[in-house]
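Participant: fold the following.
(2 chains)
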Protein chains: 2
Amino acid sequence: MSESLKAATIWFTGLPSSGKSTLAVLLENELKKRGRTVEVLDGDVVRTNLSKGLGFSKEDRDTNIKRIGFVCHLLSRNGTFAVSAAISPYKEIRDDVRDMIGDFVEIFVDCPLDECIKRDVKGLYKKAIAGEIQGFTGISDPYEPPTDAELIVKTGEEEPQESLRKILARLEELGYLAKNGVAETSEAEMASA
Amino acid sequence: MSESLKAATIWFTGLPSSGKSTLAVLLENELKKRGRTVEVLDGDVVRTNLSKGLGFSKEDRDTNIKRIGFVCHLLSRNGTFAVSAAISPYKEIRDDVRDMIGDFVEIFVDCPLDECIKRDVKGLYKKAIAGEIQGFTGISDPYEPPTDAELIVKTGEEEPQESLRKILARLEELGYLAKNGVAETSEAEMASA
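Facilitator: Predicted coordinates:
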């Protein structure tokens, strides 16, 4: 259907509990509905299958991100959307991954720290604030926001479906998705009809 | 063209210098010629991008193979042929990977140890025999040949092109490639003509 369109790596970045995984799953479902192939590389999947043994030091985090980037690259250059939902706190490494991949769409999941702490999906902020977890992004470890993201979604203010609509619109704009879910060829056919 | 055909993970296994990488590259080129997407996961690529820090203990080798298997799985279930050219000496782990992937074609690259030592592509057998490298497969570390491979190629006796022909024939037989490089739909059209 949309075979003529290139795929891309969709790279969510943001604080823990900012909404990356939620958006990754919504996006995955929508891409499948549109007949595209897609894989989500989420934190747990990655830590189990790619990065067992790695910790949360800067070096280990960087290795983890580079590894996810490598796998995303293999997928998206062969026509499958790769969606990363890792925190990926360091700008330099995200930029390395961007350079390697080329078809790279960085989405900053911008949610205020207070709101992330309020959500605290896995109860980890609580432990981090109590000092039970060291090196926790946003509390005891830095997060460097993107300066050149393809899109910023304000998940503290907008509903997930609204963020999803913005993401799809941006992917259409960038040429990775056909407009309104209609394949390019069909549009051409309609225009000539 | 061949869009209706499923992809598979092609898993070469065999001693060092048995000819796995040579066949992987020949197969890659042929698959591309036939309009299919393909990625080769060769030892060096993997050690750099997926498994930095892992050594050659049984545990580390197993982790390495599982990781390659995970990436092959992501690729081949989305329509891209994944070709692994790792030694993968242990049967149990190869079987785990087979179970995970499903569309798994194991090819035993069967070359006598003497012949592998004679070739010694990277000069590693020499070092292993001299005791300068520990845990070297075939010399100081075990290699467990497959008992249920989809194909055995005798690279000590046959030319690479002959092995390649056998591999392509087997992939056609298993339904992953159209016969003689002709897409299935075209064959159907020809039959009805």
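
Participant: how far does the lengthiest helix in chain A sit from the chain's center?
Facilitator: The helix spanning the most residues in chain A, taking DSSP state H as the definition, is helix A:58-76. Relative to the chain's own centre, helix A:58-76 is displaced by 13 Å; criterion: Cα atoms, centre = their mean, to the nearest Å.

Participant: tell me where chain A has strands.
Facilitator: Assignment of strands within chain A using DSSP state E yields the ranges A:9-13, A:38-41, A:81-84, A:104-109, A:151-153.

Participant: please name every helix or strand in contact with the third one.
Facilitator: For strand A:81-84, the packing partners by 3 or more Cβ pairs under 8 Å, 6 or more residues apart in numbering or on different chains; DSSP states H and E come out as strand A:9-13, helix A:20-33, strand A:38-41, helix A:58-76. All C-beta spots, glycine's among them, are computed from the backbone N, C-alpha and C.

Participant: same question for the second one.
Facilitator: Secondary-structure packing of strand A:38-41 (3+ Cβ pairs under 8 Å, 6+ apart): helix A:20-33, helix A:58-76, strand A:81-84.

Participant: now for A:Asn64: which residues touch it?
Facilitator: Taking Cβ atoms under 8 Å, 6 or more residues apart in numbering or on different chains as the contact definition, A:Asn64 lies against A:46-47, A:50-51, A:54, A:86.

Participant: buried subset of the residues you listed?
Facilitator: Buried by 16 or more other Cβ atoms under 10 Å in any protein chain shown: A:46, A:50-51, A:54, A:86, out of the contacts of A:Asn64.

Participant: most widely separated two among those residues?
Facilitator: When those are compared pair by pair using Cβ to Cβ, the farthest-apart members prove to be A:Leu54 and A:Ala86, with a separation of 11.8 Å.

Participant: which residues touch the residue nearest to A:Val153 when sequence neighbours are not counted?
Facilitator: Leaving out its chain neighbours, the residue that sits closest to A:Val153 by Cβ to Cβ, 6 or more residues apart in numbering or on different chains is A:Ser163, at 4.0 Å. The neighbours of A:Ser163, taking Cβ under 8 Å, 6+ apart as the test, are A:19, A:23, A:109, A:153-155.

Participant: let's see that with 10 Å instead.
Facilitator: Listed by Cβ atoms under 10 Å, 6 or more residues apart in numbering or on different chains, the contact set of A:Ser163 reads A:19, A:22-23, A:26-27, A:107, A:109, A:151-155, A:157.

Participant: next one: A:Thr137
Facilitator: Remark: with contacts taken as Cβ under 10 Å, 6+ apart, A:Thr137 is in contact with A:14-16, A:56, A:61, A:87-90, A:116, A:124, A:128, A:143.

Participant: bridged to it, which residues?
Facilitator: As for beta bridges, A:Thr137 partners with A:Asp141 under DSSP bridges.

Participant: mean pLDDT for the strands of chain A - can I get that in TSV?
Facilitator: Putting the strands of chain A into TSV (pLDDT from 0 to 100) gives the following:
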stretch	mean pLDDT
strand A:9-13	98
strand A:38-41	98
strand A:81-84	98
strand A:104-109	98
strand A:151-153	98
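
Participant: dump those strands to TSV, plus mean neighbour count.
Facilitator: Listed next are those as TSV, based on neighbours: other Cβ atoms under 10 Å in any protein chain shown:
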stretch	mean neighbour count
strand A:9-13	28
strand A:38-41	21
strand A:81-84	28
strand A:104-109	23
strand A:151-153	21
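
Participant: quick one, which of those gets closest to A:Leu177.
Facilitator: Using Cβ to Cβ as the measure, strand A:81-84 is the one of these that comes nearest A:Leu177, at 9.3 Å.

Participant: each with direction, which strands does that closest one pair with?
Facilitator: Each strand paired with strand A:81-84, and its direction, by DSSP bridges: strand A:9-13 (parallel), strand A:38-41 (parallel).

Participant: lovely, talk soon.
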